[in-house]
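S.K.: Give the three-dimensional model of this entry:
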Amino acid sequence: MTLEELTECFERHDGEYGKFERIEKPAHRRPDICAFIMLDAAVVKTCHDGSFGDMVECAEHDEIYLDIMPDELAEVATDELVRDLVRCGVRFPDEGTGLAMFA
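M.R.: As a prediction, this is how the structure comes out:
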């Protein structure tokens with residue numbers, strides 16, 4: 001999937017936002033942790049020293065920003081994965097800031 005297709009996919013599933021109960025067999029019972037687990041499984045990212053960093057890159061006001069590069073997610077994303085991420089509360093804002101969730 002291209003970055004543009006990823007953006008369109010998030011937009012297409014906007015009506016599923018926060019509908020965690022619709023996920024069949026969630027990876028965790030808590031929506032935010034479920035999203036973290038799904039993203040971690042989909043995008044393998046290590047730091048320059050080979051260690052794994054935190055999923056949360058930064059926070060501002062009432063939002064957290066995730067340390068997942070959208071182009072790396074686009075390489076492995078499926079429609080179902082994006083739909084379930086949206087159901088967990090993951091957003092892909094237009095500002096180009098990457099993936100975000102409300103706290």
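S.K.: For the protein, which segments count as strands?
M.R.: 56-60, 63-66, 100-102 (DSSP state E).
S.K.: Show me how far the second one is from its chain's centre.
M.R.: This means strand 63-66. Averaged C-alpha coordinates place strand 63-66 at 10 Å from its chain's average position (Cα atoms, centre = their mean, to the nearest Å).
S.K.: could the strands of the chain go into CSV alongside distance to residue 8?
M.R.: For every residue, glycine as well, the C-beta is placed using N, CA and C. Below are those laid out as CSV (distance: least, Cβ to Cβ, whole Å):
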stretch, distance to residue 8
strand 56-60, 24
strand 63-66, 20
strand 100-102, 18
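S.K.: Which stretch among these approaches residue 35 most closely?
M.R.: Shortest distance between residue 35 and the strands of the chain, using Cβ to Cβ, is found for strand 100-102: 7.0 Å.
S.K.: Show me where the chain dips below the pLDDT cut-off.
M.R.: Applying pLDDT under 70 to the chain flags the ranges 45-51, 95-96.
S.K.: make it 80
M.R.: For the chain, the stretches flagged by pLDDT under 80 are 45-53, 94-97.
S.K.: Any buried residues in the top helix by length along it, and which?
M.R.: When the chain is parsed with DSSP state H, its longest helix is helix 31-42. Using 16 or more other Cβ atoms under 10 Å as the test for burial, helix 31-42 gives 31-32, 34-39, 42.
S.K.: returning to that earlier point: mind putting the strands of the chain in TSV, mean neighbour count and distance to residue 91 included?
M.R.: Shown next, in TSV, are those (neighbours: other Cβ atoms under 10 Å; distance: least, Cβ to Cβ, whole Å):
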stretch	mean neighbour count	distance to residue 91
strand 56-60	13	14
strand 63-66	18	9
strand 100-102	17	5
